[in-house]
Structure formats: C-alpha cells, structure tokens
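Peer 1: Here is a sequence together with a model predicted from it:
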Amino acid sequence: MKDYANQITTVLIDCFYRGEEIKDDASGQPILPEDAVIIEGMTMKFGLHPDRVKAHAAEIHDLIAKIVADDFLVGKGGGYTFLNLCMDRDGEHWGEHKNCEELIVLGMAVGRAGYCLPREVWSVLPGSVPYVWFSNTDKKVVEKTEERHEGSPG
C-alpha cells in the first residue's frame, strides 16, 4: 500500500514559508506575507506559499483522486463526515486524522475541497467534526488571502 500519509505531510511542509521568507514587525512578531494562501483547517490556520501550492497542484489533485472515496466527491456523494476520511476509496486505512486534515488543507489550497457546513454547526455533527467535500474537477488555484475556503462547492 502507498504511504499517502507521509507524502501528504511532505507536500504540506514544502508549501510552508521558509524562515527567511517571514519578516518581523517592530515588536518582533512575525508578519505573514500578503500573498499567503490562508486556509482555516479544523484545528489551526495555515499560511501557505502560493508558488509552492501551484508547484504541487498536480500532485495534490492526484492524491485526492487516489484516496478520497466517492461519498466525499461533488457529483457523487457530495460530502461526508471527516471521521471516515481516513479510509481510502478501496476501504483501506491510509492515515490518521491529522493526515486527513492535511489533505483537506491542501485540497482547499487548490480549490478542490471544503467544508459542507459552517464551523458554527460542527458541534451538532457526529464527533463534532465537519462534513467535507472534495472535487476532481479543475478549479483555479487560490491566490488571494481574502478568499474563503469554506462552504459548499460553488
């Protein structure tokens, strides 16, 4: 079986800004670059380098196509509970929920994933976690930090 979990983590880490690319303000606090792709994950926010996201876009698309079960796909199941994302399209366990969040973040960064419902209602869902959707159709890679990466597929 392919080690999708490590591949996803490696791609995510490569999409982060490097230390020398982050400047500090007058008080010594880091300032995220204006071109950062901001993704609100389930447990934290991520600031990704747009050029690195673009460079990995094909690999991210491929990972989604190989891993994500039809229940999550727009035009098929339309979205499913995060709790089941750790099972691949063949019903095999491919990673832990930490890796699933990483896949969602990368999918959001390339416009191929999102949350089905607003964060405010997650507490009433099983396990208090979101339902998520993925898409195998081409969408523009997100380049603006102002764009939200939540909600139902548009």
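Peer 2: Arrived safely, thanks for sending.

Peer 1: Please give the element, helix or strand, for the residue nearest the centre of the chain.
Peer 2: Nearest to the mean C-alpha position of the chain, by C-alpha atoms, centre = their mean, lies Val105 at 1.6 Å. Element membership for Val105 (DSSP states H and E) is helix 97-109.

Peer 1: Quick check: mean pLDDT of that helix?
Peer 2: On average, the pLDDT along helix 97-109 is 97.

Peer 1: How far off centre is the following helix or strand past that helix?
Peer 2: Using DSSP H and E, the next helix or strand after helix 97-109 towards the C-terminus is strand 113-115. Remark: strand 113-115 is offset 8 Å from the chain centroid, using C-alpha atoms, centre = their mean, to the nearest Å.

Peer 1: now do stretch 77-89
Peer 2: 14 Å.

Peer 1: neighbouring contacts of that stretch?
Peer 2: Contact with stretch 77-89 is made by 4, 42, 66-72, 93-97, 99-100, 103-104, 116, 125-127, 129-133, 152, as judged by C-beta atoms under 8 Å, 6 or more residues apart in numbering. C-betas here are computed from N, CA, C, even on glycine.

Peer 1: Could you tell me which of the residues you listed are located in helices?
Peer 2: When DSSP state H defines the helices, the subset of those inside them is Tyr4, Lys66, Ile67, His97, Asn99, Cys100, Leu103, Ile104.

Peer 1: what's the most distant pair in the residues you listed?
Peer 2: Distances among these were taken as C-beta to C-beta; the most separated pair is Lys66 and His97, at 18.6 Å.

Peer 1: related to what we said a few turns ago, write a PyMOL command that selects only the buried members of the ones in helices among the contacts of stretch 77-89.
Peer 2: Listed next is the PyMOL selection for buried residues among the ones in helices among the contacts of stretch 77-89, using 16 or more other C-beta atoms under 10 Å:
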select buried, resi 4+67+99+100+103+104
